[in-house]
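Participant: quick one, structure for this:
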Amino acid sequence: MAKIALVGASGNIGARVLDEALSRGHTVTGIVRNPEKLAARAGLSVVKADISEPGSAAEAIRGADVLVVSIRWSDNAAQVLATARLAGVKRLLVVVGAGSLETSPGVRVLDMPDFPAAWRPGSEAAARALQTFRDEKAIDWVAFSPSQNIGPGERTGKFRIGGDQLLRDANGESKISREDFAVAIVDEIETQQRHRQRVTVGY
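Facilitator: Numbers count the residues shown, from 1 in each chain. I've put the predicted structure just below:
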């Protein structure tokens, strides 16, 4: 069983990763700014820390087999890497959103004319974070992008894994439930199949 440090454990995706990991018998240290958002559970330790302060966050993460980060990006990817280095964690899984996926060669989701303006700052920040991770040579990272539409839904355990291109189903829709997205992340924690690459998850 893995010792998982999870930053953003109370968020929409982080909470599902927490549920999935605990259900499989892993132990999780939830790194959050507001510990009261996480109820006590078997296998879960909750630590108040901020990833923007690598020194304090690293203390909570030290000893983990893997660091999973699901946060709002704001040019803070370098701080995430600094935290992992200080903690001595060699394996890093990060959620970077769908905006940087390609809908066609050289054209990203966030480049499409109908891309919502309100989402652009966060998506562009996530795209910059992805580039920061791609420049990283020492830490074994994997970046996870969901499909274009992700929301609460069913845990089916049935989905496809892609690379840098947006996945669409037989009806042309690009979607994944938060629950199945979490399954894919915990699967990777267990199998360690991918290294220094971005993957996407979709139906």
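
Participant: and for the helix or strand encompassing residue 22, what are the contacting residues?
Facilitator: For residue 22, the element it lies in under DSSP states H and E is helix 12-23. Contacts to helix 12-23, defined as CB atoms under 8 Å, 6 or more residues apart in numbering, come from residues 2, 4, 6-9, 28, 30, 38, 41-44, 68, 70, 95, 146, 150, 152, 155, 178-179, 181-183, 185-186, 189. In this view, the C-beta of every residue, glycine as well, is placed from N, C-alpha and C.

Participant: just the buried residues of that helix, please?
Facilitator: Within helix 12-23, the residues that qualify as buried are 13, 14, 15, 16, 17, 18, 19, 20, 21, 22, counting by 16 or more other CB atoms under 10 Å.

Participant: which ones are touching residue 9?
Facilitator: 15, 17, 18, 28, 30, 31, 32, 38, 46.

Participant: now the two most distant members of those.
Facilitator: Taking CB to CB as the measure, those span a maximum distance of 14.6 Å, between 17 and 46.

Participant: tell me, how many residues neighbour residue 25?
Facilitator: 10 (other CB atoms under 10 Å).

Participant: could you check how far residue 190 is from residue 25?
Facilitator: 11 Å (CB to CB, to the nearest Å).

Participant: oh, I was asking about residue 16
Facilitator: Counting by CB to CB - residue 16 and residue 25 are separated by 17 Å.

Participant: quick check: mean pLDDT of stretch 122-130?
Facilitator: Averaged over stretch 122-130, pLDDT sits at 97.

Participant: check stretch 54-73 too.
Facilitator: For stretch 54-73, the mean per-residue pLDDT is 93.

Participant: report the buried residues of it.
Facilitator: Under the neighbour-count criterion of 16+ other CB under 10 Å, stretch 54-73 has 54, 56-58, 60-61, 64-71, 73 buried.

Participant: got the end-to-end distance for stretch 27-46?
Facilitator: 11 Å (CA to CA, to the nearest Å).

Participant: off-centre distance for it?
Facilitator: 17 Å (CA atoms, centre = their mean, to the nearest Å).

Participant: for that stretch, buried residues please.
Facilitator: Going by neighbour count (16+ other CB under 10 Å), the buried part of stretch 27-46 is 27, 28, 29, 30, 31, 32, 38, 44, 46.

Participant: is the last one in a helix, a strand, or coil?
Facilitator: For residue 46, the secondary-structure state derived from DSSP: H, G, I helix; E, B strand; the rest coil is strand.

Participant: for it, what are its contacts?
Facilitator: 9, 29, 30, 32, 35, 38, 40.
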